[in-house]
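K.L.:
Structure for the following, please:
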Amino acid sequence: MYNNLKKILKIISPVLIIAGLYFIFKTNEIKQPPGILAPNPPYQEILPKQKIWLHNEYTITAIAKFESTCKALHLKTYSNDKMSNFAPLDIAVGWGKMSDQTIVDKFEIKQQHRWYVWRTKQFPIPRKEVELNGSNIHIIPANEEVENQLDEIKNGNIISLKGYLVNVKDKDSKFIWKTSLKRDDNGSGACEILWLEEAEVIK
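P.N.:
Reported below is the predicted structural model:
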């Protein structure tokens, strides 16, 4: 009987560990009530004159003022690519119908290799609406206070982001990273690069 019990425990233990990890990560997601909670697309205003400054030995060029109230669909921290030196976090965000929990629940959403990817068994809204009502934002925190604000954000939160869309290059101009300035693009180069000056969890 003792040997049988040991065999059972060997089987149960990994199951309990997996279940515990699932619970931890699942409860880290905020579930919102149904309905559109961030109805408007991001606000963007091209600067009449570009602003340029240095940050961690990179040249930052601000192209446009940017503000967004949106739903945090997924967050991903990076630590092993060149961009992680100054942009350690990506946030996949949604607005309009992609801020409606009943719609978002129909999608599996992930981020990998600085991309925001989603899949669904059946589209609850047209594919074009999915593409037009969401984006992946590369976040450059302006300071430590903003980093602390980012720590408060969880998957599912309704958040406010304010700052500048920027281009980034290294001192030799061998590395150049350009922001998207459109909401209707997709694929390579479609992500926004945001110099973030303020982040707030609204809900």
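K.L.:
secondary structure class for Asn186?
P.N.:
coil (DSSP: H, G, I helix; E, B strand; the rest coil).
K.L.:
Grab the nearest non-local neighbour of it.
P.N.:
Among residues not flanking Asn186 along the chain, Glu131 sits closest, at 5.5 Å (C-beta to C-beta, 6 or more residues apart in numbering). Where C-beta positions appear, they are placed from N, C-alpha and C, glycine not excepted.
K.L.:
In three-state terms, label the one you found for me.
P.N.:
Glu131 - assigned by three-state DSSP - is helix.
K.L.:
quick one, phi psi at Glu197?
P.N.:
Here is the backbone geometry of Glu197 (degrees, to the nearest 10): phi -100, psi -20.
K.L.:
now Asp185
P.N.:
With angles defined as degrees, to the nearest 10, Asp185 sits at phi -100, psi 160.
K.L.:
can you tell me how far it sits from Pro33?
P.N.:
31 Å (C-beta to C-beta, to the nearest Å).
K.L.:
try Leu132
P.N.:
For Leu132, the distance to Pro33 - C-beta to C-beta - is 23 Å.
K.L.:
In terms of helices and strands, where is the residue nearest in space to the middle of the chain?
P.N.:
Central residue of the chain (C-alpha atoms, centre = their mean): Ile91, 1.0 Å from the mean position. Using DSSP states H and E, Ile91 falls within strand 89-94.
K.L.:
Quickly run through the sheet partners of that strand, with directions.
P.N.:
strand 58-77 (antiparallel), strand 134-141 (antiparallel) (DSSP bridges).
K.L.:
Distance from that strand to the middle of the chain?
P.N.:
Distance, stretch centre to chain centre, for strand 89-94: 1 Å (C-alpha atoms, centre = their mean, to the nearest Å).
K.L.:
What's the first helix or strand after it?
P.N.:
Heading C-terminal from strand 89-94 (DSSP H and E), you reach helix 101-104.
K.L.:
what sits up against that following helix?
P.N.:
Contacts with helix 101-104, where a contact means C-beta atoms under 8 Å, 6 or more residues apart in numbering, come from 31-35, 37, 71, 73, 94, 97-98, 124-125, 156.
K.L.:
The nearest residue to Pro42 once chain neighbours are set aside pairs with what?
P.N.:
Closest residue in space to Pro42, ignoring its immediate chain neighbours: Ser68 at 3.7 Å, by C-beta to C-beta, 6+ apart. With DSSP bridges as the criterion, Ser68 is bridged to Leu161.
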